[in-house]
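1. Sequence and predicted structure below; questions after.
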Amino acid sequence: MSLPHALLTSISEKPSSGYDLARRFDKSIGYFWHATHQQIYRELARMEEQGWVESSEVEGGRAGKKQFKVLPNGTEELRRWARESSEPNRQRDEMMVKLRADAAIGPLGLAAEFERRLQLHEQELQTYRDIEKRDFSSSLLSREDKLRYLILKAGITFEESKIQWTREALQILRE
């Protein structure tokens, strides 16, 4: 996935300023596609040059604050990109290499880092559970909400899996 397509998706959901997009990224898309605020602003400028989005000054906002909306070319680009095949991402986690190093040369004292990571995964899972309770407790969800919930459930499943795996790794590292 590319940042422009993540931004097109977010702006298609709701026209927004760069600041609002960055905040929404931190609270939603950022759980599975990270981008810094600088990257977001830089990409918005490129997207505007390509005719995918249009900005207008926000009335009553601070000077120079722009709100972006998706143009027809941007919608078509998002459709084109969404229809493309994509390969599943391969896991790239340096802790896997560290575990291999531990297996190759002997104990490296990795348990403390795995304990720290376990706490992080448990915190992330709790965040997802809180979102689930807040946003998806109703049985009457629209199609759009069901799709958003499906994305959240992928995050929940991922964190549950990482917690289970990390506990198993800790057990072996402590032997």
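-> Cool, got the structure.

2. When you work out contacts or count neighbours from here on, use the C-alpha atoms and nothing else.
-> Will do.

3. Quick check: longest helix in the protein by residues?
-> helix 143-173 (DSSP state H).

4. gap between that one and the chain center?
-> Computed by Cα atoms, centre = their mean, to the nearest Å, the chain-centroid distance of helix 143-173 equals 14 Å.

5. Only the buried residues of the lowest-mean-pLDDT helix or strand in the chain, if you could.
-> Every helix and strand in the chain was compared by mean pLDDT, DSSP states H and E; the lowest is helix 18-27, with a mean of 83. Burial within helix 18-27, assessed by neighbour count using 16 or more other Cα atoms under 10 Å, is assigned to 18, 21-22, 25-26.

6. Can you give the domain ranges for this protein?
-> The record assigns the chain these domain ranges, following automatic domain parsing: 3-83, 94-173.

7. Find out how far the shortest one is from the centre of the chain, if you would.
-> What that stands for is domain 94-173. 14 Å.

8. Offset the numbering so it begins at 36, please.
-> Got it, first residue is 36 now, which makes that one domain 129-208.

9. Find the residue at the geometric middle of this structure.
-> For the chain, the residue whose C-alpha lies nearest the mean C-alpha position (Cα atoms, centre = their mean) is F67; its distance is 2.3 Å.

10. Now for it: which residues touch it?
-> The neighbours of F67, taking Cα atoms under 8 Å, 6 or more residues apart in numbering as the test, come to nothing; the list is empty.

11. Please report the distance of it from E157.
-> Taking Cα to Cα, to the nearest Å as the measure, F67 and E157 are separated by 16 Å.

12. on that earlier part again, now for the next helix or strand after the least confident helix or strand of the chain, which elements pack on it?
-> If you walk from helix 53-62 toward the C-terminus, the next helix or strand you reach (DSSP states H and E) is helix 72-84. Under the contact definition 3 or more Cα pairs under 8 Å, 6 or more residues apart in numbering; DSSP states H and E, helix 72-84 sits against helix 38-48, helix 53-62, strand 88-92.

13. List the pairing partners of the last one within its sheet, with orientation.
-> If you go by DSSP bridges, strand 88-92 pairs up with strand 101-105 (antiparallel).

14. Off-centre distance for the strand it pairs with?
-> Taking Cα atoms, centre = their mean, one finds the center of strand 101-105 at 21 Å from the center of the full chain.

15. And the longest helix of the chain, what's buried?
-> Within helix 178-208, the residues that count as buried by 16+ other Cα under 10 Å are 184, 187, 190-191, 194-195, 197-198, 201, 204-205, 208.

16. residues in contact with stretch 148-157?
-> Under the contact criterion Cα under 8 Å, 6+ apart, stretch 148-157 has outside partners 194-195, 197-198, 201-202, 204-205.
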